[in-house]
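>>> sequence unknown, structure follows:
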């Protein structure tokens, strides 16, 4: 059975109560982009990638493996949780664990990329070439945060 461990801070819980859940990420991103020049993104990761992010002091994402030509940050927490919970927790290579990470990046950096819809309208993500991951890491503002953790059956 999957179980979610919530690491959200109180401010996020307050925002959730104020906005309909499906619009929360969009509203926060818009407000942040206009007011601060930052965009909030999410990244579902398995155990190994989580350990590498932690080893960086929660400051950057590790280089892609040769078979991973793109880095895929997603635009909303719900989509990231769906991947972490429904895919990673069932995959032995993922360590039967999935994490949702949240980070803020300079909006100006993202202007060079198109957000792509890869399923339902809420399944939106950026495709950042692996060769440009260092640039993305350089545009992260603050720490990468753990939003939630999911564990499956090992």
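Sure, I can see it. These numbers were taken from a predicted model, which means no experiment stands behind them. Residues are numbered from 1 along each chain as shown.
>>> quick one, helices of the protein?
10-18, 21-36, 47-55, 77-86, 107-110, 133-138 (DSSP state H).
>>> burial check on the residue nearest to residue 68 when sequence neighbours are not counted, number of neighbours?
Leaving aside its sequence neighbours, residue 68 sits nearest to residue 130 (Cβ to Cβ, 6 or more residues apart in numbering; 6.2 Å). (Glycine included, C-beta is placed from N, CA and C.) Using other Cβ atoms under 10 Å, residue 130 has 14 neighbouring residues.
>>> quick one: buried residues of the longest strand seen in the chain?
The longest strand of the chain (DSSP state E) is strand 140-151. Going by neighbour count (16 or more other Cβ atoms under 10 Å), the buried part of strand 140-151 is 140, 144-151.
>>> from these, pick the one nearest residue 49.
Closest to residue 49 out of these is residue 144 (11.0 Å), distances taken as Cβ to Cβ.
>>> which residues touch the closest one?
If a contact means Cβ atoms under 8 Å, 6 or more residues apart in numbering, then residue 144 has 43, 53, 58-61, 101-103 as its contacts.
>>> redo that, cut-off 6 Å
Each residue near residue 144 by Cβ atoms under 6 Å, 6 or more residues apart in numbering is listed here: 53, 58, 101, 103.
>>> just the buried subset of these, written out for ChimeraX, thanks.
For anyone working in ChimeraX, the buried entries among the contacts of residue 144, judged by 16+ other Cβ under 10 Å, can be selected with:
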select :53,101,103
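>>> now do stretch 112-130: distance from first to last residue.
End-to-end distance for stretch 112-130: 15 Å, by Cα to Cα, to the nearest Å.
>>> how about stretch 119-127?
14 Å.
>>> now tell me what touches that stretch from outside.
For stretch 119-127, the external contacting residues (Cβ under 6 Å, 6+ apart) are 70, 72-75, 79, 113, 115, 117.
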